[in-house]
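Participant: Next input, structure requested:
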Amino acid sequence: MPVVGTITCLLLLGACASPTHRSGDAAPAGSPEQTTAAPTAPTTGTPTAPPPTSATPPSPSARPSSRPTTTAPLMLGPNGLGTLRLGMSRQQATATGMLRPFPTNGNGCASTHLRSAPTDRGLVIFSGTLGLAVINAYGSIKTPEGARIGMSSADMLRIYPTWKAVDGDATDGRGFAKTPGNDRAVYRIATRNGTVTELTLQYSNQDCYE
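Facilitator: Numbers count the residues shown, from 1 in each chain. Here you go, the predicted model:
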């Protein structure tokens, strides 16, 4: 065989052993171009919205208080009882909401009772010249110094050593004590069997009874 033909055949064999990959043809096994694509999640419908954010909790100041509401106890003296004040007109006193309706109208002395008191307690008397002149305590109402209905006469005298009887004595009687903080008023205090049974704040010059 001629040498030229031998070389030509070898070149042709080399070309057959190293085929060139064309676009669209499958890559030969073991070829660097044969790679596995990473799987992708299928896309379905509209993307899911993020979960809603919870509402901001109210500040401590906006939360209702769990503390029970308490009302200060009524105290008799030195100038009145609660919003009632000695010297008020009947119209002013009625406007406080603390009184029952007056049974009659007139320019002289008139009486009614405290709305929160039992029927036979809490007498209130108005003078035609002085206005609200007498307020009777009831139940557990106390004076600022601590006197109350139901306490012993001895304890009352320790609180008000100025108490002076006008009828009977400290064990069974009635009398008056100065009202600390109001030199125009006195406490009318009655006792029975060594116990305080009546406690009244009144003008010292009230003109409606005794």
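Participant: List the buried residues for stretch 156-176?
Facilitator: 156, 159, 160, 163, 165, 170, 172, 174, 175, 176 (16 or more other C-beta atoms under 10 Å). All C-beta spots, glycine's among them, are computed from the backbone N, C-alpha and C.
Participant: got the phi/psi numbers for residue 203?
Facilitator: Main-chain torsions, residue 203, degrees, to the nearest 10: phi -60, psi 140.
Participant: Compute the number of surrounding residues for it.
Facilitator: Residue 203 has 20 neighbouring residues, counting by other C-beta atoms under 10 Å.
Participant: Hmm, it is touching residue 182, no?
Facilitator: No. Using C-beta atoms under 8 Å, residue 203 makes no contact with residue 182, being 9.4 Å away.
Participant: got any residues that touch both of these two?
Facilitator: Residues touching both residue 203 and residue 182 (C-beta atoms under 8 Å, 6 or more residues apart in numbering): residue 86.
Participant: Closest to residue 98 out of the buried residues of stretch 156-176?
Facilitator: residue 176 (24.6 Å; C-beta to C-beta).
Participant: Could you check which helix or strand contains that closest one?
Facilitator: For residue 176, the element it lies in under DSSP states H and E is strand 173-178.
Participant: average model confidence for that strand?
Facilitator: Here strand 173-178 scores 97 as its mean pLDDT.
Participant: what about the helices in the protein?
Facilitator: Applying DSSP state H to the chain gives helices spanning 3-17, 90-95, 153-159.
Participant: Of the ones you listed, which shows the lowest average pLDDT?
Facilitator: Among these, helix 3-17 carries the lowest mean pLDDT (a mean of 42).
Participant: Return the member of the buried residues of stretch 156-176 nearest to residue 120.
Facilitator: residue 174 (17.7 Å).
Participant: May I have the beta-bridge partners of the closest one?
Facilitator: residue 167, residue 190 (DSSP bridges).
Participant: Would you check that it makes contact with residue 156?
Facilitator: No. If you go by C-beta under 8 Å, residue 174 and residue 156 don't touch, sitting 11.9 Å apart.
Participant: quick one: common contacting residues for these two?
Facilitator: By C-beta under 8 Å, 6+ apart, the residues touching both residue 174 and residue 156 are 189, 191.
Participant: how about the strands in this structure?
Facilitator: Counting by DSSP state E, one finds strands in the chain at the ranges 80-81, 84-85, 110-113, 123-127, 131-136, 164-168, 173-178, 185-192, 195-203.
Participant: Compute the distance between residue 83 and residue 72, please.
Facilitator: Here the criterion is C-beta to C-beta, to the nearest Å. By it, residue 83 lies 12 Å from residue 72.
Participant: which one of those two has more residues nearby?
Facilitator: Set residue 83 next to residue 72 and count neighbours by other C-beta under 10 Å: residue 83 wins out with 13 against 6.
Participant: how near is residue 209 to residue 189?
Facilitator: 16 Å.
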